[in-house]
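**Q** have a look; sequence and predicted model below, questions after that.
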Amino acid sequence: MIYSTISRSPVERLDVRRGCAANDGRTAAAPSRARARTRSDFTQYRTRWSANVVPLAFGIAAAVTLWIGWLKREDSGLTPQSGAGYWLGIVGSSLMVLLLPYP
């Protein structure tokens, strides 16, 4: 007998294909004939339409945002002297300080 690495109980050598003892005299069952696959066999693999649309919409929105940012790169609308630019700097700095004690 061989001891299992998972438990301390003794185990016999197992036949991989059947899960039973290798020397018990049983023979493997004959393989069944393959049947034709139908659409209902694959219903578990179908995804909802939103699973395909949401990533596509996000990718398009990201590409459009980058394109608009590229076209307006010379426009200095967000500066530290303006209200929104100032508060973005404060919030960003605060979040970086909050990350310092993170292990």
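**A** Here it is on my side, so go on.
**Q** please enumerate the helices of the protein.
**A** If DSSP state H is used as the criterion, the helices of the chain fall at 49-71, 83-99.
**Q** can you tell me how far residue 41 is from residue 75?
**A** 56 Å (CB to CB, to the nearest Å). Backbone N, C-alpha and C define where each C-beta goes, glycine included.
**Q** go on, residue 62?
**A** Residue 62 is 20 Å from residue 75, by CB to CB.
**Q** please apply the same query to residue 92.
**A** For residue 92, the distance to residue 75 (CB to CB) stands at 21 Å.
**Q** ok, now residue 82?
**A** Relative to residue 75, residue 82 is positioned 12 Å away (CB to CB).
**Q** next one: residue 91
**A** Per CB to CB, residue 91 is found 22 Å from residue 75.
**Q** now residue 46
**A** According to CB to CB, residue 46 stands 46 Å off from residue 75.
**Q** what do you get for residue 86?
**A** Computed as CB to CB, the residue 86 to residue 75 distance reads 18 Å.
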